[in-house]
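Q: requesting a structural model of the entry that follows:
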Amino acid sequence: MTPRTASPVPPPETGETPETGGPAATGVPAAAPAGPGRPPLRPWDEVVALASDLIRIDTSNTADAGGAGPERPAAEYVAAKLAEVGYEFTYVEAGAPGRGNVVARLPGADPARGALLIHGHLDVVPADPAEWSVHPFSGEVADGYLWGRGAVDMKGMVAMMLAVARGYRRDGVLPPRDLVFAFVSDEEAGGFHGARWLVDNRPELFEGVTEAVGEVGGFSVTFADATRAYLIGTAEKGAVWLRLRARGTAGHASLPHDDNPVAKLAAAVTRLETHRFPLVLTPAVRELLEGVADITGVPFDEADPEAALARFGHASRLIGASLRDTANTTRFDAGYKANVVPGTAHAEVDGRVLPGREEAFRAEVAALLGPGIEQEWNSLPAVETAFEGRLVDAMTLSLAAEDPGARVLPYMLSAATDAKSFQRLGIRTFGFAPLRLPPGLDFAALFHGVDERVPVEALEFGARVLDRFLRHC
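A: Residues are numbered from 1 along each chain as shown. From the prediction side, this is the model:
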C-alpha cells in the first residue's frame, strides 16, 4: 500500500497559524480572551490551559462497583466552558451518582449529511504521587511538556475538543455537517457507566451520527530517514476479561497436599502466559506494514512480519501487539494464612483479541487452562473499518496542511476505547487525536505510566489539525 499524502487544505478562518513553542516556566497562564486591541482567541491559544485545568481535577476511576463516580467536577467544568460561549448541552449521569457526561451539538451546513461524533473521556486511571517526578494532578508545564495523569489519556484530546468547540461558537463557524461533542465517563473501566450506558439509555443524543473520531490515533512515528507517518486508528482488538477459580482441599500446610488449588491455578496461568497465539495479518496491519515498506524502501516480508517492527522504534511494542492475540495474568489471590492450604484460588486475566478471532481465542484459552479451572468471561467486541472515504481524506488533508510531506497510514490499537460502545449504534469509528511527537518519545509507555506528559507543541499542533479537520469533515 502507498501511504497517503495530500496538498494542504485552506488555513483556518481564525487566522494564520502561529509558531509554536513550550513555555519555559512552570505553570499555565490563562489564555487572554479576545477584546479591543487583542487578536481573536484561537483554539491553540487556550488548549494547554484547558488541559492543565482538567488534569488538576482528579477523576481517578477506581472501578468500585456501585460506588460514586469521579467525573462530575470535570463534566461541570466542561459544561461551564461550553455555556460561556453560548452552547446548549445535555448533562447526564450515566447510571450512578457522579458519572457526569456532557453532550453538545453544533448544527452544520448540511443537515441531510450524517453527523460526526467527536468523543473523549473524562476519567483517568489512578496515580501514586510518590512515584512521580511532579504531582500527577498538578497540570504542571515544565521543559516544554504538560505533565500529569491524563495528559495523553486523554485530557489532552478533551482539551482540543473543548478548545475547538469554543472557537467555533465564538467565531460563528458553520461546519459542513452537524458536530456532536461528547465528554463521557468511565472509559477506563469499560464505559459501562459512560458511553455504553448512554448508547443503551440515551441514544437520542447521537441521533443522525454516522461517523466518529476519538482516541487513539493521529499521532506521529518518525522513521530512520526522518520521515514522519501519522497512524490513524481504523481497528481495535477485542477485550476479554477472564476470572478464573480453582478449587481444592483445604488443610494444614504441614501435611502433603495433592489437591492444592494454588498450585493448580498457578500451573494453568503459567501455561497461558508462555503460550504464543498464532500470527494473523488483519487488513489494517497489512496496510500499515506495506506502507512502512514504501516509506523505508525495505520490502515487507509477509512470511516474517515481526521483522518490520524494529522500524517503528519506540512504537514497536504498540504495533507488535496487533499481530496476534495476547493474554496476561493481572491478579492472583489465594489463602489467608501462611500455614493453611486454602480451598480456592482466584486469578484475573486480561485478553486482547484480533477481529474474527473470538471463538478461536476462547477455545485455545480453555484448552491451555485445562480441566478443573472455572472460567467467567466478560468481553467487548473488536472494532474494524476500512481506511478510505471522505473522512479519511479530511484527516489526511488536515495533517498535511500542518506537516507537509508527512505520510498517513492505518493501524490497529491493541487497547479498548469507547469506540466499542458507539459502534453499537452503527457508527463508523476512527482513532484520531492528532499529535506531532518528538522522535525519541516513547509515546505508548506514557499511557497509564508514571510521569505521563505531552509536549506543549504537540497539543497546539493537535488543536490546529482538529480545527482544520472539523471545518472540512
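Q: how about the nearest residue to residue 205 once chain neighbours are set aside, phi and psi?
A: Leaving aside its sequence neighbours, residue 205 sits nearest to residue 103 (Cβ to Cβ, 6 or more residues apart in numbering; 4.7 Å). To be clear about C-beta, it is placed using only N, CA and C from the backbone, and glycine gets the same treatment. Residue 103 adopts backbone torsions of phi -130, psi 130, taken as degrees, to the nearest 10.
Q: number of nearby residues for residue 103?
A: Residue 103 has 19 neighbours, counted by other Cβ atoms under 10 Å.
Q: please apply the same query to residue 172.
A: If we define neighbours as other Cβ under 10 Å, then residue 172 has 7 of them.
Q: what's the answer for residue 107, then?
A: Under the criterion other Cβ under 10 Å, the count of neighbours that residue 107 has is 12.
Q: try residue 52
A: Considering only other Cβ under 10 Å, residue 52 is surrounded by 24 other residues.
Q: need the per-residue pLDDT for it.
A: In this model, residue 52 is scored at 98, pLDDT.
Q: am I right that it sits in a strand?
A: No: Residue 52: not assigned to a strand; according to DSSP: H, G, I helix; E, B strand; the rest coil it is helix.
Q: contacting residues around it?
A: Neighbouring residues of residue 52 by Cβ atoms under 8 Å, 6 or more residues apart in numbering: 28, 139, 140, 141, 146, 148.
Q: residue 294: which of the residues you listed is nearest?
A: residue 146 (34.1 Å; Cβ to Cβ).
Q: ok, back up a step: nearest to residue 176 among the contacts of residue 52?
A: residue 146 (31.0 Å).
Q: the nearest residue to that closest one once chain neighbours are set aside: what secondary structure?
A: Excluding the flanking residues, the one nearest residue 146 by Cβ to Cβ, 6+ apart is residue 454, at 5.4 Å. Put simply, residue 454 is strand when judged by three-state DSSP.
Q: list the contacts for residue 454?
A: Contacts of residue 454 by Cβ under 8 Å, 6+ apart are 51, 145, 146, 151, 152, 156, 435, 446.
Q: off-centre distance for stretch 112-130?
A: 8 Å (Cα atoms, centre = their mean, to the nearest Å).
Q: buried ones in it?
A: 113, 115-125, 127 (16 or more other Cβ atoms under 10 Å).
Q: okay, how far is it across that stretch, tip to tip?
A: 53 Å (Cα to Cα, to the nearest Å).
Q: likewise stretch 437-455?
A: Counting by Cα to Cα: the opening and closing residues of stretch 437-455 are 7 Å apart.
Q: one more: stretch 377-396?
A: Start-to-end, stretch 377-396 (Cα to Cα) is 39 Å.
Q: in it, what counts as buried?
A: Burial within stretch 377-396, assessed by neighbour count using 16+ other Cβ under 10 Å, is assigned to 379-385, 387, 391-396.
Q: now tabulate the residues you listed in CSV and tack on pLDDT and distance to residue 78.
A: Below are those laid out as CSV (pLDDT from 0 to 100; distance: Cβ to Cβ, whole Å):
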residue, pLDDT, distance to residue 78
379, 90, 30
380, 90, 25
381, 92, 28
382, 94, 30
383, 94, 25
384, 95, 30
385, 96, 28
387, 95, 31
391, 97, 24
392, 97, 28
393, 96, 30
394, 97, 25
395, 97, 24
396, 97, 29
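Q: which one of those residues is nearest to residue 372?
A: Distances from residue 372 to the buried residues of stretch 377-396, taken by Cβ to Cβ, are shortest for residue 379, at 22.8 Å.
Q: tell me the bridge partners for the closest one.
A: On the basis of DSSP bridges, residue 379 is bridged to residue 240.
Q: dump the residue contacts of the nearest residue to residue 369 once chain neighbours are set aside.
A: Leaving aside its sequence neighbours, residue 369 sits nearest to residue 268 (Cβ to Cβ, 6+ apart; 4.6 Å). Going by Cβ under 8 Å, 6+ apart, residue 268 touches 244, 246, 368, 369, 370, 373.
Q: thinking the second one is in contact with residue 261, fair?
A: In other words, residue 246. Yes: applying Cβ atoms under 8 Å, one finds residue 246 in contact with residue 261, separated by 4.0 Å.
Q: shared neighbours of these two, anything?
A: Common neighbours of residue 246 and residue 261, counting by Cβ under 8 Å, 6+ apart, are 344, 345.
Q: related to what we said a few turns ago, which of the contacts of residue 52 fall within strands?
A: Mapping those onto strands (DSSP state E) picks out 141, 146.
Q: which other helices and strands contact the strand or helix carrying residue 377?
A: Residue 377 belongs to strand 373-380 when assigned by DSSP states H and E. Counting contacts by 3 or more Cβ pairs under 8 Å, 6 or more residues apart in numbering; DSSP states H and E, strand 373-380 is packed against strand 238-247, helix 261-274, helix 358-369.
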